[in-house]
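Colleague: How does the following fold in three dimensions:
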Amino acid sequence: MGKIIAIANQKGGVGKTTTTVNLAASLGALEKKVLLIDADPQANASSGLGIDVDSVEIGSYQILEHSNIPEEAIITCSAPNVWVIPAHIDLVAIEIELVDKENREYMLKQALESVKDQYDYILIDCAPSLGLLTLNALTAADSVIIPIQCEYFALEGLGKLLTTIKSVQKIHNADLDIEGLLLTMYDSRLRLSNQVVEEVQKHFSEMVFNTIIQRNIKLSEAPSFGESIINYDATSKGASNYLQLAEEIIKKNKA
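Modeller: Predicted coordinates:
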């Protein structure tokens, strides 16, 4: 059975989509079969893997609405062993359209029942909010990865996100685990970056991944070419970091 992992943080610009795309590609490079679900109306995970989002006819919007089944939305992308259910700008309307539906928090969970056994990992790129889209992702997921930027406001909002996760565990998904807190955009030359790492590791210890994602220009460039960092520059620090993260997750889930 595939493990469903949501990548979530209501703060924007923390490396959430970068992590989803490059972790998917890294798991694929390590010969795992991966499905990436783009549940963010900005559709950056889709375009970051070379998908023309304007041409998407069936995507995560239709899956959440239950107007189409996942098998009809899954498409190939530029990363080997990775398949995608893309997003489209229409996804912005889903919060309003689901609000009156029965079991509205379970729409994604129900939809994924038919495909979850066909993949080793299913990664969900969440929207930068704690609305109904993210709630659907957390209800469907087995675990959640929380990217934390190594900058001044790193821990701002983390308490709120952890409270939301506890609420989801209590009401909708008792089996939801925290896969790990992932430190991103780390610059060893900056005292602040090192302070954030120390602070997060001190407060959350075993919840924090050993892997730290370093600030890397190649990671910023890759999406504009519609490629993951593995395709764009496999020798870069960014590629090395995400492969290390993929290996850490594989090892953790074997234990």
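
Colleague: does the closest residue to residue 230 other than its chain neighbours belong to a helix or a strand, and which?
Modeller: Nearest non-adjacent residue to residue 230, counting by CB to CB, 6 or more residues apart in numbering: residue 25, 4.3 Å away. Placement of C-beta: from N, CA and C, glycine included. Here residue 25 sits within helix 16-29, counting by DSSP states H and E.

Colleague: What is the subsequent helix or strand relative to that helix?
Modeller: strand 34-39.

Colleague: Check which helices and strands that following strand is in contact with.
Modeller: helix 16-29, helix 44-47, helix 60-65, strand 82-85, strand 121-126, helix 132-140 (3 or more CB pairs under 8 Å, 6 or more residues apart in numbering; DSSP states H and E).

Colleague: Nearest to residue 195, out of the ones you listed?
Modeller: helix 16-29 (21.8 Å; CB to CB).

Colleague: tilt between that closest one and strand 121-126?
Modeller: 170 degrees (axes from the mean of the first three to the mean of the last three CA atoms, to 10 degrees).

Colleague: quick one: helix 16-29 to strand 34-39, angle?
Modeller: Using the same axes, to 10 degrees: helix 16-29 against strand 34-39 is 160 degrees.

Colleague: chain center to helix 16-29, what's the gap?
Modeller: 8 Å (CA atoms, centre = their mean, to the nearest Å).

Colleague: Could you tell me which residues within that helix count as buried?
Modeller: 16-29 (16 or more other CB atoms under 10 Å).

Colleague: which among the residues you listed gets closest to residue 138?
Modeller: Closest to residue 138, out of all of the buried residues of helix 16-29 and judged by CB to CB, is residue 16, at 13.7 Å.
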